[in-house]
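Visitor: here you go, sequence then predicted model.
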Amino acid sequence: MFERKSKRESLPSYVLYTSPKPSPRPPRDAPVVLVAPAWSDSQPWRILPLPHRDILSPDSQRRSRMEVLREKVEEEEEAEREEAAKRAEWARTEKMMRPVEVRKEETTLTQEMLRDLEKKLSEIQIPISAELPAFTKDTIDISKLPVSYKTNTPKEEHLLQVADNFSRQYSHLCPDRVPLFLHPLNECEVPKFVSTTLRPTLMPYPELYNWDSCAQFVSDFLTMVPLPDPLKPPSHLYSSTTVLNYQKGNCFDFSTMLCSMLIGSGYDAYCVNGYGSLDLCHMDLTREVCPLTVKPKETVQKEEKVLPKKYTIRPPRDLCSRFEQEQEVKKQQEIRAQEKKQLREEEERLMEAEKAKPDALHGLRVHSWVLVLSGKREVPENFFIDAFTGHSYSTQDERFLGIESLWNHKNYWINMQDCWNCCKDLIFDLGDPVRWEYMLLGTDKSQLSLTEEDDSGINDEDDVENLGKEDEDKSFDMPHSWVEQIEISPEAFETRCPNGKKVIQYKRAKLEKWAPYLNSNGLVSRLTTYEDLECTNILEIKEWYQNREDMLELKHINKTTDLKIDYFKPGHPQALRVHSYKSMQPEMDRVIEFYETARVDGLIKREETARTMTEYYQGRPDFLSYRHANFRPRVKKLALSSAESNPRPIVKITEQFFRNPAKPAEEDVAERVFLLAEERIQLRYHCRDDHITASKREFLRRTEVDSKGNKIIMTPDMCISFEVEPMEHTKKLLYQYEAMMHLKREEKLSRHQVWESELEVLEILKLREEEEAAHTLTISIYDTKRNEKSKEYREAMERVMHEEHLRQVETQLDYLAPFLAQLPPGEKLTRWQAVRLKDECLSDFKQRLINKANLIQARFEKETQELQKKQQWYQENQVTLTPEDEDLYLSYCSQAMFRIRILEQRLNRHKELAPLKYLALEEKLYKDPRLGELQKIFA
């Protein structure tokens, strides 16, 4: 494995040699290590191959693994001692061979030299990352966190002891490896094992059931914070609930949250602690192509060769010179070769410009990502997921430089394989203890299948029993996660991005994302494609919309050609599917596609230019498939509202029809052309399967009367026909006359339909301008926060319920309480006291009714007097009043009359209900058990 330690840390026991000449590449299967006695930035590193180690079988490895490791450690310690002795001897010899003056200069340092050295050292500036982490433990409020975040259970303490013991053994047996990332601190400064930080959770949203949507959600929802030290794993690993609350985190926080969601969805997912490239660690996508710009590969359909017919006509003899053709072919080949060379040079130049600068810390940057193994959820092969970007990568990708360890919610594994070739040669069989050292027994990963030779060595029953006892003694179950249930509110799930917006910079592209309903026009995503790497010249813009009332889904704008293409979902009032245009002015180049199932006429597409209009149909009862109209230019200039009164003059209408199986081919029209300027009609019929040509007919359309008013009679020269199989009835003038009359009616109908198509285009353009100006958004009836009608209805219902509750409380008031308080408590009422209480209660209630009536009457009279005074004032100053004063006077009169009418209604209603209320109270008093003496009197 690679050593990932900074320059100031103690160097490992192996040495990194530097050489001015590049060394030959070691064999592919040779394990290598990096060795470094001194740090050098100017000379290249050289990778030294180590001798091969035969991989033992699982059985022999289980028996002698500790002995092999012990021998290895002893050999390494002996080699280190010999090397240290050689270095010491070489240093003494060199020192003795130096001149005495040099040795004296080395040992004597004056105060002035020390001051100069201190001044030089103080001038050295250490580069500090400008992007300091904004998400630290100081910014987290831990007062509301549960107890599991602040303390450890006895089982967790036991697990931490096991992890410490495992880490000490690992450091002793593998001193050249970096320390393990086992139990970082959480947000409450409490050490927690990394596996218990994972909280498998199945989200209640169907969109978060698959890995790609989960990864994209984590990438969009969180903001990336770089590691404090790019060469070390973080000292703190926060819970997913805290990360979700603050929407910030480093690569380990991203991976922990994504892995929790994937395990909850049923995937075999693991968090990985390893090393990545600079772009991967910094979430730099400026050298990657945006996935939205990658066009799907078009499947090329092979054209089937048509077998030549037996009696086909031979092609004419080619009289061209073969020499000239060969010379032309050579010339074209040279031109193509020159173009390919120029293209290759241009590509090389671009690749050189796009090439990343060399990273001084390449191979040392710590990164975390997610590994998904095949097997569960029908995953065909292993792959990586970078939680920063949400993209998936192959395990052979060169961005992932090495793996130290990985873990899930059940166990922890250490990679024992060499990563000299990045992760390309790693085998992710976690049941192989030679390649992956696990921490806890009882892992759910099955062990390697044993061969017959290996199996014969463990047939001893005693060994099997001892192995079982040893495993039973050392087995340890992983404690439950200390993290609370991961919950994402519907509002947070809908908002996705922090503050509702996120910008991602790709290679020659920029992707912007917004939350739904954040923009008033429904814009949720915009992809801007540029021509250069500096992203200054815009090529095209794609904008995605949601919740639009006009069903607009995508708008594609090409800045080079000024072509705009609007894509619509089903449900538009005009059944639009695609609208391609350069200008919204009428009679300009445009293409409109429709949902044919939503239209009665079966129109699929309409293409329009300044002089033509072409329409394509499907599924019509008259089998019409195509209509093309040619126009003449207008004499007057067109206005938007003058198309109905001044339509474009039509020159020619061409119509094509599908085959009608109910008619014979010689009577089924395939193409019909109305030449309006020439007064001719041309017909072409369908060709029979056993024929090689089709019948044709042409009519000369003349007026029914001449200049003198005489009726024109049908003559044979008015119909020119070519029939493959002539028939008698088609030669008759009556048949030709009826056919021409029918065609005249069809011509009139076609002209009307073309005129209606022009009007429909104008209506569509007008509607689109109104929709773009309004860009109204639709709100679901289940969205109670944004739906105003639903909100008003809910508030009205709450108000009614509140009023009903107040009425119930009022009815539950004790009407005898004020009068019973005047009597001594606990004494039984006498007959005289009961009668007096009844009379006092009724008298008080009657007085209250009278006071209420007087109050309403007083308010009524007051409003009436004020209105009369206002009217008198108006009569006196009517001549000098301004229009504004008159409007104020009329408004006051309207409001005053409304108040007077309401008071009058309340007074009348009070007069009607007062006797009924009095009788109801009298009956309640009679039935009140506290006034039992009254019942005796009436009895």
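Guide: Great, that's in hand.

Visitor: outline the domain layout of the protein.
Guide: 144-292+360-438, 548-634+646-773, 786-813, 814-934 (the TED database).

Visitor: could those be laid out in a markdown table, adding mean neighbour count and distance to Glu491?
Guide: C-beta: built from backbone N, CA, C; applies to glycine. Formatted as a markdown table, the domains of the chain follow (neighbours: other Cβ atoms under 10 Å; distance: least, Cβ to Cβ, whole Å):
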| stretch | mean neighbour count | distance to Glu491 |
| --- | --- | --- |
| domain 144-292+360-438 | 19 | 12 |
| domain 548-634+646-773 | 15 | 21 |
| domain 786-813 | 10 | 11 |
| domain 814-934 | 13 | 42 |
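
Visitor: figure out which of these is closest to Glu534.
Guide: Closest approach to Glu534 among these (Cβ to Cβ): domain 144-292+360-438, 10.7 Å.

Visitor: first vs last residue of the closest one, how far apart are they?
Guide: 36 Å (Cα to Cα, to the nearest Å).

Visitor: how far out from the middle of the chain is stretch 842-849?
Guide: 70 Å (Cα atoms, centre = their mean, to the nearest Å).

Visitor: what mean pLDDT does that stretch have?
Guide: Across stretch 842-849, the average pLDDT comes to 89.

Visitor: for the nearest residue to Met261 once chain neighbours are set aside, pull up the helix or strand it's in.
Guide: Nearest non-adjacent residue to Met261, counting by Cβ to Cβ, 6 or more residues apart in numbering: Cys214, 4.8 Å away. For Cys214, the enclosing helix or strand under DSSP states H and E is helix 211-221.

Visitor: what's the first helix or strand after that helix?
Guide: Counting by DSSP H and E, what follows helix 211-221 is strand 223-224.

Visitor: pull the helix or strand with minimum mean pLDDT from this structure.
Guide: The helix or strand of the chain with the poorest confidence is strand 48-49; it has a mean of 32 (mean pLDDT, DSSP states H and E).

Visitor: are we agreed that Lys424 is in a helix?
Guide: No. Remark: Lys424 does not belong to a helix; assigned using DSSP: H, G, I helix; E, B strand; the rest coil, it is coil.

Visitor: make 833 the starting number, not 1.
Guide: Happy to do that; since the first residue is 833 now, the last one works out to Lys1256.

Visitor: need the contact list for the residue lying closest to Met1420 once chain neighbours are set aside.
Guide: Residue nearest to Met1420 in three dimensions, not counting chain neighbours: Lys1414, with 6.4 Å by Cβ to Cβ, 6+ apart. Going by Cβ atoms under 8 Å, 6 or more residues apart in numbering, Lys1414 touches 1393-1396, 1420-1422.

Visitor: could you pick out which of those are located in helices?
Guide: Of these, none are assigned to helices by DSSP state H.

Visitor: which member of the residues you listed is positioned nearest Lys1242?
Guide: Nearest to Lys1242 among the contacts of Lys1414, with distances taken as Cβ to Cβ, is Lys1396, at 54.7 Å.

Visitor: mind checking pLDDT for the closest one?
Guide: 95.

Visitor: that one bridge partners, please.
Guide: Lys1396 has these beta-bridge partners by DSSP bridges: Ile1389, Tyr1413.

Visitor: cool, and Val1423?
Guide: Ser1412, Glu1439.

Visitor: picking that back up, so the residue nearest to Met1093 sits against Gly1096, correct?
Guide: No. Taking contacts as Cβ atoms under 8 Å, Cys1046 lies outside contact range of Gly1096: 9.3 Å.

Visitor: what do the two both touch?
Guide: Shared contacts of Cys1046 and Gly1096 (Cβ under 8 Å, 6+ apart): Met1035.

Visitor: how much space between the residue nearest to Ile1259 when sequence neighbours are not counted and Asp1261?
Guide: Sequence neighbours aside, Arg1267 is the residue nearest to Ile1259 in space, at 5.8 Å (criterion: Cβ to Cβ, 6+ apart). Going from Arg1267 to Asp1261 by Cβ to Cβ, to the nearest Å gives 7 Å.

Visitor: same check on Gln1679?
Guide: For Gln1679, the distance to Asp1261 - Cβ to Cβ - is 95 Å.

Visitor: Gln1157 now?
Guide: 62 Å.

Visitor: cool, Asp1085 as well?
Guide: For Asp1085 relative to Asp1261 (Cβ to Cβ), the value is 29 Å.

Visitor: okay, now the unreliable bits of the stretch 1233-1382 of the chain?
Guide: For the stretch 1233-1382 of the chain, the stretches with pLDDT under 70 are 1274-1308.

Visitor: can you give me the strands for it?
Guide: 1244-1247, 1268-1270, 1333-1338, 1341-1346, 1355-1362, 1370-1377 (DSSP state E, counting those that start in this stretch).

Visitor: can you tell me which of those is packed in deepest?
Guide: Highest mean neighbour count among the strands of the stretch 1233-1382 of the chain (mean count of other Cβ atoms under 10 Å): strand 1244-1247, with a mean of 22.

Visitor: now do the contacts for Asp1382.
Guide: Counted by Cβ under 8 Å, 6+ apart, Asp1382 has contacts 1400, 1404, 1600, 1603, 1607-1608.

Visitor: any idea what sits nearest the most centrally placed residue in the chain, other than its immediate chain neighbours?
Guide: Against the mean C-alpha coordinate of the chain, by Cα atoms, centre = their mean, the closest residue is Gln1048 at 6.2 Å. In space, and not counting its chain neighbours, Gln1048 is closest to Gly1222: 4.3 Å by Cβ to Cβ, 6+ apart.

Visitor: quick check: phi and psi on that neighbour?
Guide: Torsion angles at Gly1222 (phi, psi; degrees, to the nearest 10) stand at phi 80, psi 10.

Visitor: quick check, pLDDT for it.
Guide: Predicted confidence (pLDDT) for Gly1222: 92.

Visitor: repeat for the one 3 residues further on
Guide: According to the predicted model, the pLDDT of Tyr1225 comes to 94.

Visitor: kindly report the same for Ile1513.
Guide: For Ile1513, pLDDT reads 93.

Visitor: that one belongs to a strand, doesn't it?
Guide: Yes. Counting by three-state DSSP, Ile1513 falls inside a strand.

Visitor: excluding chain neighbours, give the residue nearest to it in space.
Guide: Phe1531 is the one closest to Ile1513 (Cβ to Cβ, 6+ apart), at 4.5 Å.

Visitor: how near is the one you found to Pro1548?
Guide: 12 Å.

Visitor: now swap in Phe1455 and tell me
Guide: Phe1455 sits at a distance of 30 Å from Pro1548 (criterion: Cβ to Cβ).

Visitor: same thing with Gln1488?
Guide: With Cβ to Cβ as the criterion, Gln1488 and Pro1548 are 28 Å apart.

Visitor: between the two ends of stretch 1448-1461, how far is it?
Guide: 12 Å.
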